[in-house]
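>>> missing the sequence, but the structure's below:
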C-alpha cells in the first residue's frame, strides 16, 4: 500500500490503495422527503453455493428467519438496516462455524464486545450503524476464526487513513467499511482481517468516478469487496474496497426491492449468487445554485477541511498590527531523534545560511504551531507540541514534537486548511503540493500531488474552502526580501517577474480528482526599479475568509533584505470571482523585524482563531549555534 494515495481511475498496482476525491465536509443528516427514495445495490459472485437473502423485515421477523437459516447451516454474511423505518435485510451463506452478534446497541458497547469476543476466538464479520427514532444504533456479527484482525473507528479521516496504511503494511486487509454522519461530523469505521492480496479503493467520489475506478480495477483482475454509499442532499458519495482475491463478480444498482429480487433471479440463472447488499436513502440531484458568496462561511472551528471566517477583515488588520505584541517560544533537544524520521535538530536547524521558511498557528490545541525549515541537503516540516496537553508532564510549555523530511532542500512556507498543513515542493522541475494531517503529526505521512505551474511557491501559499465545497489555492512566486533599488543588482532583482497564481482544487485540496487541478488565472505584479514599498515582494502568504460577505483576503509578508530593518504586511482583496481572479491592494503595515525573535522576511503569517479574530505571528530566523538544547522565540499579536 503506497503512502501517497492516487485518485480513482489511475492504474492499480500491487498493494496500492487508489482513492477518489474525499469529501471531508459534513453532509446534511438524512431526512425522508418527497425528493428521495430507498435504492438497492448488490454484488453477485460466481459460486455453486446456494447463498440466500432476507429483505426488508421487521427485527422480529428477521431474527426468526436468521435462527431458521442458522439451524439449516447458514451464517449471516452481510446485513443492512434502513434508518428510521427499522427494516432489516441480510445475505446468508453456507457455514459451519459458531457465530455471535450484538444488535441495536451503542458504539461503546460494540467496542467492548469486540475486545471480549476477540479473546474468545471470534472475528468481526460485519459492522453496521443506523438510526431509529432519532437515536443512533450499532450492530456487529461475529464468526469463529483465527488470524490477525482489528477494528478502527474515528471521526477524523486523516487518522483513519494513517492507521489504514499501517494496518496494510502489517499484513491486514480491510473487508468492511462504514461511514455515517453524527453530530455534524462524518465518522469512519474499518474492519480488518489478515490477508496478503493486492488491494485498492475508490473513496467518497461520485457515481461516475466510482464506476470509472471499478472498470479499471476489473480490467486488472480486482473484485469489489465492499461497497458503502453515503446519501446526502448534495449528492451520493460512493466508497468501494477492491481486492485481487475471490471469484468473479457482478454489480447491480436498482431502484426498488422488486428490481433487486428480479436481478437476483437473473444472475442465479448464470451461476452468480448474491454476495453483498447496500441500501441507501437516495436524494435527487441538487439543483444548480449560484452561490451568493465566493468562500464558505459556515465552517466551525475544528472542522477538518476549512478555516473559520473572520469578521471585518480590513478593520481587524489595522487593529491587530497597531496593538502590543507578546512573547512566545518553543524548545528542542539538539541530539534527540524526533518522530517520525529520527531527525536531530543539531544536524538540521544549524545548517549555515538556512532558516525557517514559514511558521503558522494551526487549528489544533495539541499541536498549536508548525513550520518549515530549509537545509543544504534536505529541508523539513516540523510540529510543535503544547506540553500542557500531555497529562504526564507539568511543564506546560511549547516543545518540538515531530520533524518530517522534505523532498527538497528548500520547501516553501506552510499554510493551514482545517486539519491539513500544506507545503510546496519543487522536485525535478515538477511542482508538488504536499500535506500533513496535523492531528497525526507524529505519524509518517506522504500525501502529495502535482500542481503544474505552482513552482516552488517561494512567495508563499494559502488556501480557502469555497462555497461549492472545492478549495482555492493561491500561490505567489518567486520569493525574496525587499530591495529598495539603491544598487544595480537590487534594481535588476526588482525588475524580475513576480506573480500570483490561482488554482481551483476539486473536490477539495485533500484529494483532488485526476482532472481536479485547474489554473484559474495569473496576476503579474508591477515591476519598479526603485519601489518605495514591497508591492511585488513576499516570502509568506496567508488567506482569510470574511464572515458574511464570503470575500477572500490575502496577507503577503516580507521584510527588508537583511537581518534587521522593516517588516511588511500587505493586505489585498480577491476580486473577479473565479472567472477573472485578481488581487486588489487595500493597505500595508510596517513593523520592525529582528532576526532573533520576529524576522518577517523568513516567517510572518496570519491565523483566524476560534473566536474569529486575527492572530499575527512571526518567528526567529534561525538557530546557528550547535548545542544540546535550544529555543526558538516568536512574537504574536491577537485582535481583542
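Perfect, thanks for sending it. It should be emphasised that the depicted structure is a prediction, and the values quoted were computed from it without experimental measurement.
>>> contacts, neighbours, all on C-alpha from now
Will do.
>>> now the most centrally placed residue in the chain. Its backbone dihedrals?
For the chain, residue 510 is the residue whose C-alpha lies nearest the centre (Cα atoms, centre = their mean; 4.6 Å). Dihedral pair for residue 510: phi -80, psi -40, per degrees, to the nearest 10.
>>> also residue 63?
phi -60, psi -40.
>>> oh, and call the first residue 471 from now on, that's how I've got it
That works, and once the first residue is 471, the last one we named lands at residue 533.
>>> now residue 886: how far from residue 698?
Using Cα to Cα, to the nearest Å, residue 886 is found at 30 Å from residue 698.
>>> who's more crowded, the two?
Between residue 886 and residue 698, residue 886 has the larger neighbour count (other Cα atoms under 10 Å), namely 27 against 22.
>>> how confident was the prediction at the more buried one?
pLDDT, residue 886: 98.
>>> is it true that residue 711 touches residue 680?
No - using Cα atoms under 8 Å, residue 711 is not in contact with residue 680; the gap is 10.6 Å.
>>> mutual contacts of the two, please.
In terms of Cα atoms under 8 Å, 6 or more residues apart in numbering, residue 711 and residue 680 are both contacted by the residues residue 672.
>>> how about residue 951, nearest residue that isn't a chain neighbour?
In space, and not counting its chain neighbours, residue 951 is closest to residue 1031: 4.3 Å by Cα to Cα, 6 or more residues apart in numbering.
>>> mind pulling up the pLDDT for the one you found?
Per-residue confidence (pLDDT) for residue 1031: 80.
>>> next one: it from residue 1065, what distance?
Taken as Cα to Cα, the span from residue 1031 to residue 1065 is 12 Å.
>>> who has more neighbours, the two?
Comparing residue 1031 with residue 1065 by neighbour count (other Cα under 10 Å), the higher total belongs to residue 1065, at 19 against 16.
>>> tell me who's in contact with the more buried one.
Each residue near residue 1065 by Cα under 8 Å, 6+ apart is listed here: 1033-1034, 1090-1092.
>>> chain center to stretch 677-693, what's the gap?
On the basis of Cα atoms, centre = their mean, to the nearest Å, stretch 677-693 sits 23 Å off its chain's mean C-alpha point.
>>> now swap in stretch 1078-1090 and tell me
22 Å.
>>> quick one: contacts of that stretch?
For stretch 1078-1090, the surrounding residues in contact (Cα under 8 Å, 6+ apart) are 771, 777-781, 786-787, 790-791, 826, 829-831, 833, 1014, 1064-1070, 1072-1077, 1102-1110.
>>> give me the mean pLDDT for that stretch.
Stretch 1078-1090 shows a mean pLDDT of 94 in the predicted model.
>>> for stretch 941-951, same thing?
Within the predicted structure, the mean pLDDT of stretch 941-951 is 91.
>>> same question, stretch 836-843
Stretch 836-843 comes out with an average pLDDT of 94.
>>> which parts of that stretch are buried?
By 16 or more other Cα atoms under 10 Å, the buried positions in stretch 836-843 come out as 836-843.
>>> going by distance to residue 619, which of the residues you listed wins?
residue 836 (30.1 Å; Cα to Cα).
>>> count of neighbours near residue 1066?
Around residue 1066 sit 16 other residues, with neighbours defined as other Cα under 10 Å.
>>> quick one: contacts for it?
By Cα under 8 Å, 6+ apart, the contact set of residue 1066 is 1090-1092, 1103.
>>> again, only using 6 Å
Going by Cα atoms under 6 Å, 6 or more residues apart in numbering, residue 1066 touches residue 1090.
>>> distance of it relative to residue 1109?
24 Å.
>>> now residue 1030
Distance, residue 1030 to residue 1109, by Cα to Cα: 25 Å.
>>> between those two, who's got more neighbours?
Shown here are residue 1030 and residue 1109; by other Cα under 10 Å, residue 1030 has more neighbours (23 against 20).
>>> for that one, what are phi and psi?
With angles defined as degrees, to the nearest 10, residue 1030 sits at phi -60, psi 150.
>>> can you tell me, leaving aside adjacent residues, what's nearest to it?
Distances taken as Cα to Cα, 6+ apart place residue 952 nearest to residue 1030, at 4.6 Å, with adjacent residues excluded.
>>> and for residue 937?
In this structure, residue 937 finds its nearest non-sequential neighbour in residue 766, 4.1 Å apart by Cα to Cα, 6+ apart.
>>> got the contact list for the one you found?
Residues near residue 766 by Cα under 6 Å, 6+ apart: 935-937.
>>> mind listing which of the contacts of stretch 1078-1090 are in strands?
Secondary structure defined by DSSP state E assigns 826, 829-831, 1014, 1074-1077, 1102-1108 of these to strands.
>>> of these, closest to residue 738?
residue 1014 (57.8 Å).
>>> near that closest one, how many other residues are there?
26.
>>> mind checking how far it is from residue 1076?
Computed with Cα to Cα, the distance linking residue 1014 and residue 1076 is 8 Å.
>>> so residue 744 bridges to which residues?
residue 514 (DSSP bridges).
>>> show me the helices in the stretch 621-770 of the chain, by range?
627-639, 677-689, 727-739 (DSSP state H, counting those that start in this stretch).
>>> looking at these, which is nearest to residue 1050?
Among the helices of the stretch 621-770 of the chain, helix 677-689 comes nearest to residue 1050, with 28.7 Å by Cα to Cα.
>>> tell me the average confidence for that closest one?
The average pLDDT within helix 677-689 is 90.
>>> that helix - contacts with which helices or strands?
The contact analysis (3 or more Cα pairs under 6 Å, 6 or more residues apart in numbering; DSSP states H and E) places helix 677-689 against no helix or strand.
>>> which parts of that helix are buried?
Buried-residue list, helix 677-689, by 16+ other Cα under 10 Å: 679-681, 683-684, 686-688.
>>> ok, now stretch 980-995?
Counting neighbours by 16+ other Cα under 10 Å, stretch 980-995 gives 980-984, 986-987, 989-990, 992, 995 as buried.
>>> lowest-confidence one in the residues you listed?
The member of the buried residues of stretch 980-995 with the lowest pLDDT is residue 984, at 81.
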